[in-house]
Each structure stands twice: as C-alpha cells, then as structure tokens.
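Peer 1: Okay, here's the prediction I keep looking at, along with the sequence it came from:
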Amino acid sequence: MSATNSPAESPVLPWKLKINLTVVDFFSDAMRRSNGTINRRLVNFFEPKVPANNIPFKGVKTSDVTIDATRNLWFRLFTPTEAPSDVSLPVIVFFHGGGFSFLSADAKAYDFVCRRFARKFPAVVVSVNYRLSPEHRFPSHYDDGFDTLKFLDEAQTVSFGFPANADLSRCFFAGDSAGGNLAHHVAVRSGKADFKRVRVIGQISIQPFFGGEKLTESEIRLVNVPIVSLERTDWMWKVFLPEGENRDHEAVNVSGPKAVDIRGVKYPETMVVVGGFDPLKDRQREFYEWLKRCGKEAKLLEYPKSIHAFYLFPQLPESFLFIEEAMDFVRKVCDKVKN
C-alpha cells in the first residue's frame with residue numbers, strides 16, 4: 001500500500017489556509033520534545049488566548065468560573081444574550097481538542113467555536129479547561145471532565161453567572177478530537193452516576209481521537225495531510241497513557257480488546273462527525289458502529305472532503321454545514337425529551 005497521497009487523496013484547501021496549517025504543523029512539532037516533554041514557553045507564545053468578556057459581543061457574553069484552583073480546573077461560560085428569557089436553554093459541556101497536550105478553553109479558536117454554538121443553537125456553553133499531558137497523565141483529563149459535571153450538579157449555578165433559564169436537565173456533551181475522546185469517557189462515567197440536576201441527553205462527537213495497536217487503512221493511506229500524522233499521535237498517546245501501557249488501552253481503543261462494556265450504562269444519543277481526509281476516520285466509524293452494537297442511539301455524519309478539525313475554519317463551507325447539522329441534532333434530541 002502506498003505511503004503517499006495521490007492527488008485524488010489530497011484535500012483541496014484555500015491557499016491561505018494551507019499556509020496557516022503548515023505553520024501550525026511546524027510549531028506543534030517544534031513544541032514536542034523527543035524525551036516526552038513539551039516546550040510550554042513556546043506553546044504559551046504561539047497559542048493566542050482570548051480573555052473573558054462580560055460585555056456582550058455578537059450576542060454572547062463570557063466569564064471564567066474556577067472549580068479547583070489547585071489543579072487549574074475552570075471553565076469558560078458562554079451565555080447567549082439575545083435569546084428569549086422565557087425559553088429554557090440547553091447546556092452544552094464542551095471539551096477542546098489538542099491531543100490532550102495542547103490548547104485550552106481560552107484559546108482563540110475555541111472561544112470562537114463556543115461563541116458560535118452559544119449564539120446559533122442557542123445554548124449555554126461550558127467550555128472546560130482540563131489538565132494536559134505530559135505533565136498530567138491518564139486519568140487526570142477524565143477526572144477534570146467528570147468533576148465539572150459534579151460541580152454543575154451541586155453548585156448554585158445562578159450565583160456563578162448562569163442565566164436562570166439554563167436547563168441542566170437538557171445537557172449535551174460536545175468535543176472535538178481529544179475532546180471527543182474525553183466526552184465519551186465522561187459520558188460513560190456520568191451514565192453510572194446519580195446526579196440530582198444534570199441529565200446528559202446528547203453528545204456531539206466531532207472527529208474523536210481514538211487509536212489502537214493495529215493501524216487502520218486510513219491511518220496508513222492518509223499521510224502528509226494537515227494536523228494529524230502517525231508520528232504526532234503516537235507521541236501524544238505515549239505521554240498520555242500510564243507508563244507501560246500501549247494503544248489498546250481502554251482509553252484509546254474504546255471498541256478494542258480492553259473496551260469497557262457500556263451495554264448496561266445510560267449513554268446519551270450521539271452524533272459522530274467524520275472527515276474524509278482525516279486519518280482517524282476509520283476509528284471514528286468503528287466508534288459509531290460499536291455504539292450501535294452496544295444498543296445506543298447514534299448518528300453518523302460524514303464530510304468526504306474535510307480534514308481533521310475542519311469545523312474550526314469558517315472559510316470552509318463544511319464548517320457552516322456542520323453547525324446547521326449540530327443545531328438540528330440538539331433541537332431534535334431536546335424535542336424527544338419534551339415528548
């Protein structure tokens with residue numbers, strides 16, 4: 001099997017975006033060290049941040065809420081300001097991507113995305129800032145995600161800036177790449193929990209980051225595409241997993257030989273988003289099929305011309321199509337709960 005992409009197997013992208021993605025790939029490689037550490041000074045210089053802004057901008061205001069300062073666990077709250085006050089708003093708990101090692105809830109790209117979600121759906125968005133690898137390994141990221149759910153369930157959320165019409169009984173998870181992986185595992189944990197107020201009814205799994213020891217056809221064939229490469233993902237899994245574990249660990253290969261049995265677990269209705277030029281696409285399709293085999297409600301949404309993380313780039317038409325599909329998914333799942 002060829003290790004290079006033919007022209008038909010290469011994404012067609014605007015030239016400015018191609019240049020930007022090349023720069024992103026270069027710096028992400030430069031930040032990672034062969035000894036399993038990250039140059040955080042370079043990361044902090046390269047990753048643009050956006051401060052919270054309680055003054056509405058394009059129909060959304062934001063604030064940062066601290067859960068546990070000792071581990072820097074906090075979330076950015078996105079509140080739509082133009083939605084009717086007498087209409088209950090679903091709450092979307094969002095987990096950012098970055099291979100468990102990069103980015104944050106105040107990263108410019110994710111501030112933009114969560115604003116879109118809050119304004120378009122409309123919904124209250126809770127964007128979780130969880131701990132990162134290699135400084136913190138499995139299961140730190142999942143612990144932070146689940147503890148955020150516990151905080152929402154136990155806290156008087158209005159006192160932390162939540163609008164009175166935020167409806168925690170219509171809660172969704174959403175996450176891209178590593179955030180999609182994190183959302184899945186937090187969904188499994190929350191399905192076993194006894195929450196009083198939080199009810200997770202839906203999940204938007206955007207090109208989730210999964211892996212395994214045996215390479216898939218898409219991982220072998222789709223090389224030299226933006227953002228995702230075997231060398232990068234292998235490094236990320238190594239600094240994420242406990243020492244001595246491999247990519248068939250239950251956190252990585254969720255439908256593999258060590259998979260957690262979720263057949264008896266409450267699990268939210270899920271929309272799995274796949275891009276045709278994402279090397280992880282075979283694993284994402286298998287995730288969808290596995291959910292179906294486990295008796296869970298799941299929908300597969302494919303964008304054949306799209307790269308990994310395509311929805312972060314508004315210049316790509318598929319980005320807007322995805323937002324429309326996600327809006328429709330949230331509305332339909334909420335309608336089921338009403339009925």
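Peer 2: Received it, and whenever you're ready, just let me know what you need.
Peer 1: where's the closest residue to residue 158 other than its chain neighbours relative to residue 73, distance?
Peer 2: Excluding the flanking residues, the one nearest residue 158 by CB to CB, 6 or more residues apart in numbering is residue 164, at 6.0 Å. The C-beta positions use only the backbone N, C-alpha and C, and glycine is treated the same way. Separation of residue 164 from residue 73 (CB to CB, to the nearest Å): 25 Å.
Peer 1: Please say which of the two ends up with more neighbours.
Peer 2: Legend: neighbour count by other CB atoms under 10 Å for residue 164 and residue 73, higher for residue 73 (20 against 9).
Peer 1: how much space between the more buried one and residue 66?
Peer 2: 8 Å.
Peer 1: What of residue 229?
Peer 2: To residue 66, residue 229 is 36 Å away according to CB to CB.
Peer 1: picking that back up, my guess is the residue nearest to residue 158 meets residue 157, correct?
Peer 2: No. When contacts are counted by CB atoms under 8 Å, residue 164 is not listed as touching residue 157 (9.5 Å).
Peer 1: re the thing from before, where does the residue nearest to residue 158 fall, secondary structure wise?
Peer 2: For residue 164, there is no enclosing helix or strand under DSSP states H and E.
Peer 1: related to what we said a few turns ago, when residue 229 and residue 66 are compared, which one has more neighbours?
Peer 2: For residue 229 versus residue 66, the count of surrounding residues by other CB under 10 Å is larger for residue 229: 18 against 12.
Peer 1: That one is in contact with residue 223, isn't it?
Peer 2: Yes. Residue 229 is within contact range of residue 223, at 7.0 Å (criterion: CB under 8 Å).
Peer 1: got any residues that touch both of the two?
Peer 2: residue 279 (CB atoms under 8 Å, 6 or more residues apart in numbering).
Peer 1: List the buried residues of stretch 265-282.
Peer 2: 267-282 (16 or more other CB atoms under 10 Å).
Peer 1: Between the two ends of it, how far is it?
Peer 2: End-to-end distance of stretch 265-282 (CA to CA, to the nearest Å): 25 Å.
Peer 1: Point out where this structure drops to low pLDDT.
Peer 2: Filtered on pLDDT under 70, the chain yields the residue ranges 1-8, 339.
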